[in-house]
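Q: could you look at this predicted model? Sequence included:
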Amino acid sequence: MSAHEGQPSQLRLNPLTGRWVTVATGRTTRPDDFSRERQAVETGPRRPCPFCPGHEESAPPALESYGGAGDWSLRVVPNRFPAFAGSEPMTVRNLGPVFSHAPASGIHEVFVFDRRHDTGWADLDDAQAGLVMTALRDRFEDHGRRSGVRYTQAIVNHGREAGASLTHPHGQLLGMPIVPGEVAEEEAGFRRFAGSCLLCTVAEAERDAGHRVVLDGDGVLVVCPFWSGPPYEMLVVPDAHEGHISRADPHDLEAVGRALRDGLARLRGEVGDVSYNLVLHTLPHHHEDPFHWHVHVLPRIQSVGGFEQGTGVPINIVAPEQAAAALSAGVAV
Ligand SMILES: [Zn+2]
Ligand SMILES: [Zn+2]
Ligand SMILES: [Zn+2]
């Protein structure tokens, strides 16, 4: 048992990169973690899934529930092992010249987006795919009202290689007291792109080029971007220019949910039920900088090696043009 177990999470600054690290030791004892040693256990008798209907009491009480009480279609529950928790103000303390830390205050929620256990976003019907996105929008609005939450990261981890701790379809929302480095870099990218919006321009250029388009319609474009890092990476961009997901039009939100479903179904049709991460990027809550909200689909087909870790430069062995050709031909619309 770790000496730090049960201690609140802490943010620590890496002075080499200027990026923050969260030290959340409570998570190492997560009972359902897919750590390497536990993988074999998955084939044996399983504990009841806390996200399945009928086991709602084994997860903390819902913060939000959509659909009827006994017939819910989406639930938002607090994460039992939060990486960010509490409302202590973001005060950076310096223990000497290189040890800077701050409380990892914030919110960590789980959203269970299907009643069925062995499914994924690729299996949602139109109504449910739309509901997931409108429910997410509601959470972003809620997080934006909490003092101290500067940015909310929404993710879905599907499959072991993507870091999923439970197989039941679910995602996570992490409300953080900082703007993380990845988002700050994207904001800088939008600012550097003088003239018009970077992603509006990407959408136009990809439509002109045509051969990296996977799906196009209903106000949403799905492409394998020109700069794809992982094989079969997809970028989902709503046509309507908006920086904040919390201000997105309900029709556009629902259309993004369906486009994700269709893109993921094509990915499965082409390469099988592979692990993937969905990463939603939107403006930090109180920023008004140039931005255009979007979703990254990052398949975990290829493991990340030392070169990628050391340089941040992925080596993609499937050209996005080749990936898009396969995905756009994969399944009938
Ligand atoms: Zn389940
Ligand atoms: Zn735009
Ligand atoms: Zn992004």
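A: Perfect, I can see it now. Ligands and ions are numbered 1, 2, ... in the order given.
Q: make it CA atoms for all contacts and neighbour counts henceforth
A: Fine.
Q: the closest residue in space to Phe291 that isn't next to it in sequence: what secondary structure?
A: Sequence neighbours aside, Gly243 is the residue nearest to Phe291 in space, at 4.6 Å (criterion: CA to CA, 6 or more residues apart in numbering). Under the three-state scheme (DSSP: H, G, I helix; E, B strand; the rest coil), Gly243 adopts coil.
Q: what is the burial count for Gly243?
A: Neighbour count for Gly243, taken as other CA atoms under 10 Å: 20.
Q: how close does it get to ligand 1?
A: Distance of Gly243 to ligand 1, computed by CA to the ion, to the nearest Å: 34 Å.
Q: cool, and Ala205?
A: Note on Ala205: its distance to ligand 1, by CA to the ion, is 42 Å.
Q: return the helix or strand where that residue lies as PDB; C-alpha atoms alone will do.
A: Element membership of Ala205 [criterion: DSSP states H and E] is helix 198-209. Extracted C-alpha coordinates of helix 198-209, given in PDB (Å, rounded to 0.1, in the frame of the first residue of the first chain):
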ATOM      1  CA  LEU A 198      -7.700  27.400 -39.000                       C
ATOM      2  CA  LEU A 199     -10.300  24.500 -38.900                       C
ATOM      3  CA  CYS A 200     -12.800  26.300 -41.300                       C
ATOM      4  CA  THR A 201      -9.800  26.500 -43.700                       C
ATOM      5  CA  VAL A 202      -8.900  22.800 -43.100                       C
ATOM      6  CA  ALA A 203     -12.400  21.700 -43.800                       C
ATOM      7  CA  GLU A 204     -12.500  23.700 -47.000                       C
ATOM      8  CA  ALA A 205      -9.100  22.500 -48.200                       C
ATOM      9  CA  GLU A 206      -9.900  18.900 -47.400                       C
ATOM     10  CA  ARG A 207     -13.200  19.100 -49.300                       C
ATOM     11  CA  ASP A 208     -11.300  20.500 -52.200                       C
ATOM     12  CA  ALA A 209      -8.700  17.800 -52.100                       C
END
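Q: report whether it contacts ligand 2.
A: Yes: Helix 198-209 comes into contact with ligand 2 (CA under 5 Å from the ion), by way of Cys200.
Q: can you check stretch 231-250 too?
A: Yes: with CA under 5 Å from the ion as the measure, stretch 231-250 is seen reaching ligand 2 through His241.
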